[in-house]
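Participant: Have a look; sequence and predicted model below, questions after that.
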Amino acid sequence: MAGTISAKSAMTSAGVLFILHSTYSCLQYRSLAVAADLPDTSSPPLDVVLEVFLGFFLCLVGQLMCGPFHEVRMAGGSSVKRNRVEIVAPPFRSRDFDLFTTRAKSLSVARRAA
């Protein structure tokens, strides 16, 4: 059904709303503190900090509720179990991603030519 909301998305959405509300609360606190000439406004109030941690925890738990974790393998092998769902990383078309090159090779060629 297209109209149902899963627990995963509900918890993640609630976490995001908590974080957004704590942002607004912190900005409002700062503006009121400046207007009231409070001496120390370098750290946010405790309720804002707790709300951020609660929002982060709800987002984390909501994203971890995705179901069973799958094993990730780099390459296929002969020891594949039949009832296990495995995710295999795709092979790269070139080795440019894996190799680390520096300017030393091109500089040495330029020095030889000069």
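Facilitator: Here it is on my side, so go on. Numbers count the residues shown, from 1 in each chain.
Participant: what's the longest helix in the protein?
Facilitator: helix 7-35 (DSSP state H).
Participant: low-scoring pLDDT stretches of this structure, where are they?
Facilitator: 1-3, 72-102 (pLDDT under 70).
Participant: and the most centrally placed residue in it, what is it in contact with?
Facilitator: The centre of the chain sits closest to residue 60, judged by C-alpha atoms, centre = their mean, with a distance of 9.7 Å. With contact set as C-beta atoms under 8 Å, 6 or more residues apart in numbering, residue 60 has these partners: residue 15. Any C-beta I mention is one placed from the backbone N, CA and C, and that applies to glycine too.
Participant: tell me which element it is part of?
Facilitator: Here residue 60, judged by DSSP states H and E, is contained in helix 46-64.
Participant: May I see the buried residues of that helix?
Facilitator: For helix 46-64, burial by neighbour count (16 or more other C-beta atoms under 10 Å) applies to 48, 51, 52, 55, 58, 59, 62.
Participant: re the thing from before, helices and strands around the longest helix of the chain, which ones?
Facilitator: Where contact means 3 or more C-beta pairs under 8 Å, 6 or more residues apart in numbering; DSSP states H and E, helix 7-35 is packed against helix 46-64.
Participant: relative to helix 7-35, how tilted is the helix it packs on?
Facilitator: Orientation check (axes from the mean of the first three to the mean of the last three C-alpha atoms, to 10 degrees): helix 46-64 against helix 7-35 gives 160 degrees.
Participant: Would you mind measuring from residue 8 to residue 59?
Facilitator: 11 Å (C-beta to C-beta, to the nearest Å).
Participant: Likewise for residue 17?
Facilitator: For residue 17, the distance to residue 59 equals 10 Å [C-beta to C-beta].
Participant: Also residue 43?
Facilitator: Distance from residue 43 to residue 59, by C-beta to C-beta: 23 Å.
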